[in-house]
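> have a look; sequence and predicted model below, questions after that.
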Amino acid sequence: MPESVLHQAASEMLDWHGSGMSVMEMSHRGKEFISIYEQAEADLRELLALPAHFKILFMQGGGLAENAIVPLNLSQGGAMDFVLTGSWGQKSLKEAGKYGTARVAASAQADGFTSLPSPASWHIGADSRYVHICSNETIHGVEFHKLPDLKALGCDAPLVVDFSSHVASRPVDWSRVGLAFGGAQKNLGPAGLTLVIVREDLIGRALPHCPSAFDYKLVADNQSMYNTPPTYSIYIAGLVFQWLKKHGGIAAMEQRNIAKAQLLYDFLDSSSLFENRVAKDCRSRMNVPFFLRDESLNDAFLAGAKAVNLLQLKGHKSVGGMRASIYNAMPLEGVQALVAYMREFEKTQA
Ligand SMILES: *Cc1c(COP(=O)(O)O)cnc(C)c1O
């Protein structure tokens, strides 16, 4: 979270704009909250340069719930194709199989999810209801720097993108997207809010047993208020959107993120103690997994990091090692501090 957003939320916690209420105490149908909601939606639309034929839905359940909600809305019980570039895509594939035929179009599992299978090699069925990718694999640190152009592959199916962990970190080419979803907690605000952006023509295809609160048509027709939306999380995300606008928007954020990631990867590539194993053309700008070549030093590395207030560096348990998540709100100074510590640590081990 940007620190200034937390300060602002703290100052408005008991009394929002003289309303005499905390945002948590507002009716989601009252004019105060509606104004918060409308501002957040308009700011997000502007930030993402979202064309008018896409709807923004503020939902709940997180990225994992969307793994079910997307096939419930788009599969029509048919076949779906998944490109696996890490463990999030694997989860999506498994869940979708409950609602239709979920197929693997391509997988980078054989190389430990350190590369992107080239789109020309993807096997997409002619009957595909949609093609799913995870555009930033949070655990394996693999990112599509460009979204695939399915039309150029001769495929008319819509592209579904799980962009949970890098939404708002760079511009999106919406001409290539049918639907994008993401939990808010990585880059947009607190947990509890799930963002779904969906092309209008894909709305209204839900399976009959799709829960009403998860039917995109009902959600869209009710301005995300079919059920009570996660009001406080929307409010905080709205403050983050204003912070993004104030700092130059998404294009400026992308430049900042490139500089942050470059600093860390350059150090890793020059180090004799640390390494990143992901192919250079698809390294994530948000999640940088790295390993100590001598893993017996892991605990000492983490303890020393904690001593200088560098926290949450332990890698996901499924891959081990370390991971630096350097989301939008992480300033360059934070990455500089990490690299300075790693340099020092490396010296003491020489
Ligand atoms: C974090 C994450 C999720 C899971 O989000 P939840 O809100 O925990 O359901 C899904 N996909 C990706 C890529 C993620 O990084």
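Thanks, I have it.
> neighbours around His123, how many?
When neighbours are defined as other CB atoms under 10 Å, His123 has 11 of them. For glycine as for every other residue, the C-beta is placed from the backbone atoms N, C-alpha and C.
> can you tell me the closest non-neighbouring residue to it?
Ala105 (5.1 Å; CB to CB, 6 or more residues apart in numbering).
> look at the spatially closest residue to Ser169 that is not a sequence neighbour and give its secondary structure.
Leaving aside its sequence neighbours, Ser169 sits nearest to Asn257 (CB to CB, 6+ apart; 5.2 Å). Of the three states, Asn257 takes helix under DSSP: H, G, I helix; E, B strand; the rest coil.
> give me the pLDDT for Asn257.
Asn257 is assigned a predicted lDDT (pLDDT) of 98.
> let me see the contact set for it.
Residues near Asn257 by CB atoms under 8 Å, 6 or more residues apart in numbering: 169-170, 285-286, 326, 328.
> helices of the stretch 51-200 of the chain, start to end?
Ranges of helices in the stretch 51-200 of the chain, per DSSP state H, counting those that start in this stretch, are 62-74, 87-96.
> what parts of the protein come near the ligand?
Within reach of the ligand by CB under 6 Å from any ligand atom, the chain has these residues: 62-64, 88, 134, 138, 162, 164-165, 183, 186.
> mind redoing it with 5 Å?
The chain comes close to the ligand at residues 62-64, 88, 138, 162, 164-165, 183, as judged by CB under 5 Å from any ligand atom.
> for the residue of the stretch 201-350 of the chain found nearest the ligand, name its beta-bridge partners.
Residue of the stretch 201-350 of the chain nearest the ligand, by CB to the nearest ligand atom: Asn287 (8.0 Å). For Asn287, the beta-bridge partners are Ser325 (DSSP bridges).
> could you do the one 5 residues further on as well?
Legend: beta-bridge partners of Leu292 under DSSP bridges are Phe274.
> that older thread, gap between the residue nearest to Ser169 and Arg283?
12 Å (CB to CB, to the nearest Å).
> using PDB, write out every CA atom in stretch 295-309.
What follows is stretch 295-309 as a C-alpha-only set of coordinates in PDB (Å, rounded to 0.1, in the frame of the first residue of the first chain):
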ATOM      1  CA  GLU A 295      21.000 -22.900   0.300                       C
ATOM      2  CA  SER A 296      22.400 -23.600   3.800                       C
ATOM      3  CA  LEU A 297      22.800 -19.800   4.000                       C
ATOM      4  CA  ASN A 298      19.000 -19.200   3.600                       C
ATOM      5  CA  ASP A 299      18.200 -18.700   7.300                       C
ATOM      6  CA  ALA A 300      21.200 -16.400   7.900                       C
ATOM      7  CA  PHE A 301      20.100 -14.300   4.800                       C
ATOM      8  CA  LEU A 302      16.500 -14.000   6.100                       C
ATOM      9  CA  ALA A 303      17.600 -13.200   9.700                       C
ATOM     10  CA  GLY A 304      20.000 -10.500   8.500                       C
ATOM     11  CA  ALA A 305      17.300  -9.000   6.200                       C
ATOM     12  CA  LYS A 306      14.900  -8.900   9.100                       C
ATOM     13  CA  ALA A 307      17.400  -7.000  11.200                       C
ATOM     14  CA  VAL A 308      17.500  -4.200   8.600                       C
ATOM     15  CA  ASN A 309      13.700  -4.200   8.200                       C
END
